[in-house]
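> I need the structure of the sequence given here:
(one chain, ligands or ions: 2)
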Amino acid sequence: MSDAIRITSVTVTPVAFQDPPLLNAVGVHEPYALRAVLEVHTDQGFLGLGETYADSGHLRRLRAAADALTGLDVHHLGRARAAVARALDGDTGSDGHGLTGMITTSSTVDRVFSPFEVACLDIQGQAAGRPVSDLLGGAVRDRVPFSAYLFYKWAAHPGAEPDGWGEALDADGIVAQARRMVGTYGFTALKLKGGVLPPDQEIDTVHALRRAFPGLPLRIDPNCAWSVETSLRVARELDGVIEYLEDPTPGQDGMAAVAREASMPLATNMCVVSFEEIAPAVARGAVRIVLSDHHYWGGLRRSGLLAGICDTFGLGLSMHSNSHLGISLAAMTHLAAATPNLTYACDTHWPWKTEDVIAPEVLTFRDGAVDVPTRPGLGVELDRDALARLHEQYLACGLRDRDDTGYMRRVDPAYEKRVPRW
Ligand SMILES: O=C([O-])C(=O)C[C@H](O)[C@@H](O)C(=O)[O-]
Ligand SMILES: [Mg+2]
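Numbers count the residues shown, from 1 in each chain. Ligands and ions are numbered 1, 2, ... in the order given. Next comes the predicted model:
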């Protein structure tokens, strides 16, 4: 039997990378998105990487968990998760920005454990000489398709230079944005972030996308900005136009009411975001598709568990994203490659970022898909200069918690977060 590979220390480095003014149902993205980069060091010299959120409470919990993992074998993931749960001792997170649904004590453990699990799998893969997808059962596809994630947006952050994408505050602006994304990355599915403009304008935008891209699957996600009645009206207007309707309205009961009458499947990354929410959602018939996200479903293997449960109950599976860097894209790609029933193109914010902490050449888009890395582990390497620069940017930018609503209020003091808004 081969030796244990024991964790000797973990480095948690918060970073900030530039983010354009993307609009959503709760406000607007701030000039920087925050992430934490985890480096898990071991007694055999392997270094494992993980990436996660970097809000201040999450950073505190990551550091507590990091201390608790020292000495554990990277193969003992069950023990590692239990050690994280003990270290957190009930310290439960909250969904400050309002885009990710309810957070419980157990789902907080999943959020905190996830990047450590990814880093441990990175190490296991390096030691075995196998890509992480092989540790998850093996890739069933060599390339993972992603969708173009379209946002209404301002041309620039207030007082700053335009970001190069230009303004997109109507259907023409979104179609132009989609043309550029599809032209550059080859995406074969389109997702519109909605809940920003009055519903009729967003319906017009989806129809404009349908005319401009007749063959591509379309989705809209207003992050619960609509009442049940509004959701049903939008569903009627978009009958036969979208492949799924994502989180039109708050709560499983509201979603179930929409699901009973809407012609298209409903999808969620807001009313089913933890294991305890699956059974009630199935009982209510609230959704037909769950967007997985290893960052809050407890890592790659627990995301596989979610996939199995979805399969059992006949639920479809897609994948959610937040603003992220290359370590996360690598993990998402390995997971999607090894998940047979993940049949929808995954979300990614990738095109919106201009900076990263990994060497750029490993993960590239061709025809809207990323080749599954075949090198041992995650297959990505840290660019230490870039990590240091983005950490300096974190220290200098002053942002410590994602606050799309607060940022919007600085621009428009009358702005209010309302769920549902229409
Ligand atoms: O599908 C979703 O709900 C998201 O991607 C949530 C994100 O936070 C998105 O709304 C964003 O980045 O503004
Ligand atoms: Mg969503």
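
> Ala259 touches Val287, doesn't it?
Yes - Ala259 is within contact range of Val287, at 6.8 Å (criterion: Cβ atoms under 8 Å). Backbone N, C-alpha and C define where each C-beta goes, glycine included.

> Count the residues that sit near the residue of the stretch 1-150 of the chain found nearest ligand 2.
Nearest to ligand 2, among the residues of the stretch 1-150 of the chain, is Leu99, at 7.4 Å (Cβ to the ion). Neighbourhood size, Leu99 [other Cβ atoms under 10 Å]: 21.

> residues contacting it?
Taking Cβ atoms under 8 Å, 6 or more residues apart in numbering as the criterion, Leu99 is in contact with Asn24, Ala25, Val26, Asn223, Met270, Asp404.

> how about the residues of this protein near ligand 1?
Counting by Cβ under 6 Å from any ligand atom, the chain comes close to ligand 1 at Leu22, Asn24, Leu99, Lys193, Asp221, Asn223, Asn269, His320, Ser321, Asn322, Ser323.

> Can you lay out the residues you listed as CSV showing pLDDT and secondary structure?
Putting those into CSV (pLDDT from 0 to 100; DSSP: H, G, I helix; E, B strand; the rest coil) gives the following:
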residue, pLDDT, secondary structure
Leu22, 98, strand
Asn24, 98, strand
Leu99, 73, coil
Lys193, 98, strand
Asp221, 98, strand
Asn223, 98, coil
Asn269, 97, coil
His320, 98, coil
Ser321, 97, coil
Asn322, 96, coil
Ser323, 98, coil
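
> Check these and tell me the two furthest apart.
Farthest pair in the residues of the chain next to ligand 1 (Cβ to Cβ) is Leu22 and Asn269. Separation: 16.5 Å.

> do you know how far the residue nearest the centre of the chain is from ligand 2?
Central residue of the chain (Cα atoms, centre = their mean): Ser321, 1.9 Å from the mean position. Going from Ser321 to ligand 2 by Cβ to the ion, to the nearest Å gives 9 Å.

> and what of Arg366?
In terms of Cβ to the ion, Arg366 sits 26 Å off from ligand 2.

> same question, Thr205
Distance, Thr205 to ligand 2, by Cβ to the ion: 17 Å.

> Who does Gly316 form a beta bridge with?
Counting by DSSP bridges, Gly316 forms beta bridges with Ile289.

> give the contact list for it.
By Cβ under 8 Å, 6+ apart, the contact list for Gly316 reads Tyr244, Pro265, Ala267, Arg288, Ile289, Val290, Cys310, Asn341, Thr343, Tyr344.

> nearest residue to the last one other than its sequence neighbours?
Meaning Tyr344. Using Cβ to Cβ, 6 or more residues apart in numbering and skipping residues adjacent in sequence, the residue nearest Tyr344 is Ser318, 3.8 Å away.

> likewise the fourth one?
Nearest non-adjacent residue to Arg288, counting by Cβ to Cβ, 6+ apart: Pro265, 3.7 Å away.

> Looks like that neighbour contacts Ile289 (just checking).
Yes - in terms of Cβ under 8 Å, Pro265 counts as a neighbour of Ile289; the distance is 5.4 Å.

> count of residues packed around the one residue in the chain that gets nearest to ligand 1?
As assessed by Cβ to the nearest ligand atom, ligand 1 sits closest to Asn24 within the chain, at 3.8 Å. Counted by other Cβ under 10 Å, the residues lying close to Asn24 total 24.

> who touches it in this structure?
Leu99, Phe151, Lys193, Gly195, Val196, Asn223, Asp404.

> quick one: the fifth one is in a strand?
No - the secondary structure assignment for Val196 gives coil rather than a strand, going by DSSP: H, G, I helix; E, B strand; the rest coil.

> and it, what is it in contact with?
Contacts of Val196 by Cβ under 8 Å, 6+ apart are Leu23, Asn24, Ala25, Tyr152, Glu202, Pro222, Ala225.

> low-confidence ranges in the stretch 251-400 of the chain?
For the stretch 251-400 of the chain, no stretch is flagged by pLDDT under 70.

> Assumed Val234 was part of a helix.
Yes - looking at Val234 with three-state DSSP, it is inside a helix.

> returning to that earlier point: so the residue of the chain closest to ligand 1 versus Asp385, what's the distance?
32 Å (Cβ to Cβ, to the nearest Å).

> again with Ser321
Noted for Ser321: a distance of 26 Å to Asp385, by Cβ to Cβ.

> returning to that earlier point: and ligand 2, which of the contacts of Gly316 reach it?
The subset of those within reach of ligand 2, by Cβ under 5 Å from the ion, is empty.

> got these as a markdown table, with distance to Lys417 and neighbour count columns?
As requested, these are exported to a markdown table (distance: Cβ to Cβ, whole Å; neighbours: other Cβ atoms under 10 Å):
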| residue | distance to Lys417 | neighbour count |
| --- | --- | --- |
| Tyr244 | 25 | 23 |
| Pro265 | 27 | 16 |
| Ala267 | 22 | 27 |
| Arg288 | 28 | 19 |
| Ile289 | 26 | 22 |
| Val290 | 25 | 27 |
| Cys310 | 30 | 22 |
| Asn341 | 35 | 13 |
| Thr343 | 34 | 13 |
| Tyr344 | 29 | 22 |
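
> Nearest residue to Arg233 in space, please, no chain neighbours.
If the residues on either side of it in the chain are set aside, Arg233 comes closest to Pro199, at 7.2 Å by Cβ to Cβ, 6+ apart.

> try His294
Closest to His294 by Cβ to Cβ, 6+ apart is Ser303, at 4.5 Å.

> Could you list the buried residues of the helix or strand hosting the one you found?
Using DSSP states H and E, the element containing Ser303 is helix 300-312. Residues Leu300, Arg301, Arg302, Ser303, Gly304, Leu306, Ala307, Ile309, Cys310 are the ones in helix 300-312 that count as buried (16 or more other Cβ atoms under 10 Å).

> do the same with stretch 232-246
For stretch 232-246, the neighbour count (16+ other Cβ under 10 Å) marks Leu232, Arg233, Val234, Ala235, Leu238, Ile242, Glu243, Tyr244, Leu245, Glu246 as buried.

> The residue lying closest to Asp43 once chain neighbours are set aside pairs with what?
Closest residue to Asp43 apart from its sequence neighbours, by Cβ to Cβ, 6+ apart: Arg6 at 4.7 Å. Arg6 has these beta-bridge partners by DSSP bridges: Asp73.
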